[in-house]
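Q: following is a predicted model, sequence given first.
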Amino acid sequence: MTETCTPGQRLGLVTEFEPGAGTYVAGSFVCASLVGIQRTVPVEETADKRLPRLEVSRSTRPDPVPSPGDVVTARITRLTPRLALADILCVGEHPCAQRYSGVVRIQDVRATEIDSVRLPAAFRPGDLIRAEVLSLGDARSYFLTTAKNELGVVYAKSIAAGVPMVPLSWQEMQCPTTQSVESRKVARV
Amino acid sequence: MAFTNSSVPFFRHDRPAEVIADGKRLDGRDNEEFRTLFLNCGTISQASGSSYVELGSTKVMVGVYGPRQSDRWMKYSEQGSLDCDVRLATFATRQRGRPIQTQLEKELSAQLETALSASVLLHTFPKAVLDVQCLVLEAGGSVLAAVIAAATLALADASIELRDLVSAASVSRVQGIQLLDPTAEEEYREEAGLVLSFMPCLNQITSLTSHGVWSKDELRDAVELAMGACEEIDAALRDQLVQNASQRRDPPVLDEDDNENA
């Protein structure tokens, strides 16, 4: 179906369809909550394979908001004894319209030996990290984690020469100009 | 040339003494007819969503910004919040207004928030704030109704998830006769007035603001009159949104968890 639907429009019965993205349930109906094109996902492609799913796709992409489980790109702004504060720049592949605050707590930096983590050996201000959103956090920031192989520092400049460093292992990066080695929690790309 | 230093405001035209002459309104409309409605979406390119609405001579422009991170002093909340701000331009009213926000503007902002908050699905943007900024360029009567319609259009344009579109209509009682969509002159001469905002698909009233003395029957009649007008305005809003969506010609973007081989 290629007709555009508008918020509040009834799309189907809740006994026959599952509500997907861009829809909500009002009484016994699945209604649209966005302006967009209605789409029916057939039963075979749905996750639990019980009912076909109704979705409304947005005609324009709204600004993304980080939510638990998303992989985000963030820049480290400050280090404290127990936290690394970061500005979330992108959610997945989509840049955020404005900076969201995130923190990586010392116990979320890596998966093993979390008692012996030293934050300056894992991150430095200015590094770009790939992290996963753990939870909505508190009023000020989202809680992020880098405790997976593919999460961690993806881009860092060396202190000596100020050039982007090359990763050597999961905890070291090397400056190509001066050959000095600095420690970081490196992401396995 | 010297201008006399007078503290009495000088108007080009005086207000008409009678707004209903021989049972007819000054502009020739029926009692249950509203003025020409002009709608436009996507007026402000920097905003997430925007709209421009003209209801007769009343002109309103709305920009929706966000959802953005709320200020640090706000408490943690699993739901997002709506921050509505209505401003009247200083040239909007018959007498020049003041640049700072007046009581009327604060009241309009609060009334707009009441009207919209029943419709916006706040849980879809936790911890974030949605700014709805409205500017009334000309206040020619039924300002709140025009503002609510424009704000709904802007929210839908910004792809904010809504339960339903909120449309609104204003009714004034002048000399015992109920007039739909009053002009500024008719509102000036009214004995009582009300503004109703309504969600037609869900058949729910989101706000009803009335002033003056209403008898039970008069109130019921006025509310029904306003609800009928809201249904018509709702149809116009939906037409505009569908037209705007097809004109945009963006490829439909589905959520990340859906793998589609185009």
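A: Received it, and whenever you're ready, just let me know what you need. Everything numeric in this text was worked out from a predicted model, so none of it was measured.
Q: C-alpha only now, for contacts and for neighbours.
A: Noted.
Q: backbone dihedrals for B:L208, please?
A: phi -140, psi 110 (degrees, to the nearest 10).
Q: and the pLDDT for the spatially closest residue to it that is not a sequence neighbour?
A: Among residues not flanking B:L208 along the chain, B:L196 sits closest, at 4.6 Å (Cα to Cα, 6 or more residues apart in numbering or on different chains). Among the per-residue scores, B:L196 holds a pLDDT of 97.
Q: same thing with the one 4 residues further on?
A: B:P200 carries a pLDDT score of 94 in this model.
Q: now do A:P62
A: At A:P62, the pLDDT value in this model is 60.
Q: for B:L112, which three-state class applies?
A: Reducing the assignment to helix, strand or coil with DSSP: H, G, I helix; E, B strand; the rest coil, the entry for B:L112 is helix.
Q: next, count neighbours for it.
A: Residue neighbour count, defined by other Cα atoms under 10 Å in any protein chain shown, stands at 25 for B:L112.
Q: so it versus B:C201, what's the distance?
A: Between B:L112 and B:C201 the distance, using Cα to Cα, to the nearest Å, works out to 20 Å.
Q: just A:T112 next, same as before
A: On the measure of Cα to Cα, A:T112 and B:C201 end up 54 Å apart.
Q: between those two, point out the one with more neighbours.
A: Neighbours were counted for A:T112 and for B:C201 using other Cα under 10 Å; B:C201 has more, 17 against 12.
Q: show me the contacts for that one.
A: B:C201 makes contact with A:8-9, B:164 under the criterion Cα atoms under 8 Å, 6 or more residues apart in numbering or on different chains.
Q: mind doing that once more with 10 Å?
A: For B:C201, the contacting residues are A:7-10, A:31, B:163-166, B:231, B:234, by Cα atoms under 10 Å, 6 or more residues apart in numbering or on different chains.
Q: let me know the closest of the residues you listed to B:A89.
A: Of all the contacts of B:C201, B:V166 has the smallest distance to B:A89: 24.1 Å, by Cα to Cα.
Q: which helix or strand contains A:A139?
A: Element membership for A:A139 (DSSP states H and E) is empty, with no helix or strand holding it.
Q: nearest residue to it other than its sequence neighbours?
A: Spatial nearest neighbour of A:A139, excluding adjacent residues (Cα to Cα, 6+ apart): B:Y76 at 4.2 Å.
Q: which SS class is the one you found?
A: Each residue gets one of three states, and B:Y76 gets coil by three-state DSSP.
Q: hmm, it is touching B:P126, no?
A: Yes: when contacts are counted by Cα atoms under 10 Å, B:Y76 is listed as touching B:P126 (9.0 Å).
Q: what's the nearest residue to B:L237 if we skip its chain neighbours?
A: Beyond its immediate neighbours in the sequence, the residue positioned closest to B:L237 (Cα to Cα, 6+ apart) is B:L153, lying 6.8 Å away.
Q: mean confidence score for the strand or helix carrying that neighbour?
A: Element membership of B:L153, judged by DSSP H and E, is helix B:143-157. Per-residue pLDDT values over helix B:143-157 give a mean of 96.
Q: same question, stretch B:14-27
A: Here the average pLDDT along stretch B:14-27 is 83.
Q: tell me which other helices or strands the helix or strand of chain A at the bottom of the mean pLDDT ranking touches.
A: Across the helices and strands of chain A, mean confidence by mean pLDDT, DSSP states H and E is lowest for strand A:53-58: a mean of 81. Judged by 3 or more Cα pairs under 10 Å, 6 or more residues apart in numbering or on different chains; DSSP states H and E, the packing partners of strand A:53-58 are strand A:4-5, strand A:10-13, strand A:18-19, strand A:23-26, strand A:29-32, strand A:36-41.
Q: check which residues of the longest one are buried.
A: Of the residues in strand A:36-41, those buried by neighbour count under the rule 16 or more other Cα atoms under 10 Å in any protein chain shown are A:36-39, A:41.
Q: same thing with the fourth one?
A: Of the residues in strand A:23-26, those buried by neighbour count under the rule 16+ other Cα under 10 Å are A:23-25.
Q: hmm, back to that, so which of the helices and strands packed on strand A:53-58 is nearest B:P182?
A: Of the helices and strands packed on strand A:53-58, nearest to B:P182 by Cα to Cα is strand A:4-5, at 31.8 Å.
Q: Provide the secondary structure category for the residue in the stretch 151-262 of chain B positioned nearest to chain A.
A: Using Cα to the nearest Cα, the point where the stretch 151-262 of chain B gets nearest to chain A is B:D164, with a distance of 4.0 Å. Here B:D164 is coil, with the state taken from three-state DSSP.
Q: pretty sure B:L26 sits against B:L179.
A: No: with contact defined as Cα under 10 Å, B:L26 does not reach B:L179; the gap is 11.7 Å.
Q: neighbour-wise, which of these two wins?
A: The neighbour comparison of B:L26 against B:L179 (other Cα under 10 Å) goes to B:L179, with 27 against 15.
Q: quick one: residues contacting that one.
A: B:L179 is in contact with B:20, B:25, B:29-34, B:170-173, B:186-187, B:190, B:193, B:222, B:225-226, counting by Cα under 10 Å, 6+ apart.
Q: that one falls within a strand, correct?
A: Yes: with three-state DSSP as the criterion, B:L179 is assigned to a strand.
Q: ok, and the closest non-adjacent residue to it?
A: Nearest non-adjacent residue to B:L179 (Cα to Cα, 6+ apart): B:N31, at 4.8 Å.
Q: I'd say the one you found and B:G176 touch.
A: No: assessed by Cα under 10 Å, B:N31 is found out of contact with B:G176, at 11.8 Å.
Q: so these two - more neighbours on which side?
A: Shown here are B:N31 and B:G176; by other Cα under 10 Å, B:N31 has more neighbours (18 against 11).
Q: pretty sure the more buried one sits in a strand.
A: No: if the criterion is three-state DSSP, then B:N31 is coil and not within a strand.
Q: neighbours of the residue nearest to A:A139, how many?
A: Other residues near B:Y76 number 18, with proximity taken as other Cα under 10 Å.
Q: before we move on, what about B:A118?
A: Using other Cα under 10 Å, B:A118 has 18 neighbouring residues.
Q: need the contact list for the closest residue to it other than its chain neighbours.
A: The shortest distance from B:A118 to any residue other than its chain neighbours is 6.2 Å, reached at B:T206 (Cα to Cα, 6+ apart). Residues in contact with B:T206, defined by Cα under 10 Å, 6+ apart, are B:114-119, B:166-168, B:196-199.
Q: strands - which of those residues land there?
A: When strands are assigned by DSSP state E, the members of those inside them are B:167-168, B:196-199.
Q: near chain B, from the buried residues of strand A:36-41?
A: Applying Cα under 10 Å from any Cα of the partner chain, the subset of the buried residues of strand A:36-41 adjacent to chain B comprises A:36-39, A:41.
Q: and which of those residues is nearest to B:Q133?
A: For these, the minimum distance to B:Q133 (Cα to Cα) is 23.9 Å, reached by A:G36.
Q: ok, B:R98 touching B:A89?
A: Yes: B:R98 sits in contact with B:A89 when judged by Cα under 10 Å, with a separation of 8.4 Å.
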